[in-house]
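> predicted model and sequence below, questions to follow.
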Amino acid sequence: MSENRLGIAKTYKLYVGGAFPRSESGRSYPVNDSKGKFLANAAQASRKDAREAVVAARKAFPKWSGATAYNRGQVLYRVAELMEGRREQFVTEVAASEGVQTRRAQSLVDSAIDRWVWYAGWTDKIATVLGAANPVAGPYFSFTVPEPTGVVAVFAPQESSLLGLVSVVAPVIASGNTAVVVTSKERPLPSITLSEVLATSDVPGGVVNILTGSAVELAPWLASHADVNALDLTGAPTILRAELERAAAGTVKRVLRAPSAEPDWTKQPDISRLRAYLESKTVWHPLGV
């Protein structure tokens, strides 16, 4: 590269409905690395962008939740393949965003890809593990079947830019829900690259919608939105968490409360995040003669 050449300053867009629109507000903000060096500009989503993302997620929900569990698993595994192909880019962005050494960034990226594969493998096992054939005193079959909740608003971890992001997004869509994700404001680049991976994968547009910007600005609108069925408050601003829970109660949302401190995302997960976005439907059917 010529020493006199000026690099192209990137201005990234949102990811909504499978497309990359600018924020309707026209706003963007600078993203710096851990040492304060400029990396890129990111779109600053507005409440209208959040509403558009919810519309896209709701539109995608019937097809995604209606797909077979096996098909969802195959689609999600394809995402992991594409993430593997962009491994070096993810490593560079995680290292810059989180201020870690390259070796540590490589470990975090590998863990994120493995985490995605882990959740992809659960898609066709959820019904077996969380469903049941219930004993009844009568001439009936009784089955309890887990079903996806709907549209989930996810506030991604603020510190863990990729592994934490994958750990909160993958279980939402693996269980058949659709997601509106508000990224880490200061460390959004890995999430933007993930949106580019999703756009070139087999995941239908609208299943995952990614908004960069301020969670303080967007959270109240998503918490009170009547077409959002659940909230994951993991990365929500601490000062707003109680208010968001009260707003969610107004439309009877499921709420996954935020931990007191950001978890160690490198630990092996369990199925609690899969279970959090599922509802149990019990079906009765008369025995045949």
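Perfect, I can see it now. Numbering: from 1, shown residues only.

> please make it C-alpha for all contacts and neighbour counts, starting now.
Fine.

> now do the end-to-end distance for stretch 130-141.
One end of stretch 130-141 to the other measures 17 Å (Cα to Cα, to the nearest Å).

> rounded mean pLDDT for that stretch, please.
The average pLDDT within stretch 130-141 is 89.

> is residue 280 in a helix, a strand, or coil?
Here residue 280 takes the strand state, with states given by DSSP: H, G, I helix; E, B strand; the rest coil.

> what's across from it in the sheet?
Residue 280 has the following beta-bridge partners by DSSP bridges: residue 146.

> my guess is it contacts residue 146, does it?
Yes - here residue 280 reaches residue 146: they are 4.5 Å apart, a contact under Cα atoms under 8 Å.

> what touches both of those two?
residue 131 (Cα atoms under 8 Å, 6 or more residues apart in numbering).

> tell me which of these two has more neighbours.
residue 146 (20 against 16; other Cα atoms under 10 Å).

> show me the contacts for that one.
By Cα under 8 Å, 6+ apart, the residues touching residue 146 are 126, 127, 130, 131, 278, 279, 280, 281.

> what is the mean pLDDT for stretch 232-240?
Confidence for stretch 232-240, expressed as mean pLDDT, is 95.

> quick one: buried residues of that stretch?
By neighbour count with 16 or more other Cα atoms under 10 Å, stretch 232-240 contains the buried residues 232, 233, 234, 235, 236, 237.

> go on, stretch 32-52?
By neighbour count on 16+ other Cα under 10 Å, the buried set for stretch 32-52 is 32-33, 39-47, 49-52.

> also stretch 189-207?
By neighbour count on 16+ other Cα under 10 Å, the buried set for stretch 189-207 is 189-199, 201, 203-207.

> can you give me the helices for this protein?
Taking DSSP state H to define them, one finds helices in the chain at 47-66, 69-85, 87-98, 102-120, 126-130, 163-174, 189-199, 215-224, 241-249, 272-276.

> so which residues make contact with the third one?
In other words, helix 87-98. Here helix 87-98 has contacts from 32-34, 100-102, 104-106, 109-110, 159-162, 186-187, 189-190, 193, using Cα under 8 Å, 6+ apart.

> quick one: that helix to helix 189-199, angle?
With axes from the mean of the first three to the mean of the last three Cα atoms, to 10 degrees as the basis, helix 87-98 and helix 189-199 are set at 150 degrees to each other.

> residue 109 contacts residue 162, correct?
Yes - taking contacts as Cα under 8 Å, residue 109 lies within contact range of residue 162: 7.1 Å.

> more neighbours, the two?
Taking other Cα under 10 Å, residue 109 and residue 162 do not tie; residue 162 has more neighbours (32 against 26).

> who are the contact partners of the spatially closest residue to that one that is not a sequence neighbour?
Distances taken as Cα to Cα, 6 or more residues apart in numbering put residue 190 closest to residue 162, at 5.8 Å, once the chain neighbours are dropped. Residue 190 is in contact with 90, 93, 94, 161, 162, counting by Cα under 8 Å, 6+ apart.

> how about 10 Å then?
Neighbour list for residue 190: 89-94, 97, 109, 160-163, 165, 183-184, 196 [criterion: Cα atoms under 10 Å, 6 or more residues apart in numbering].
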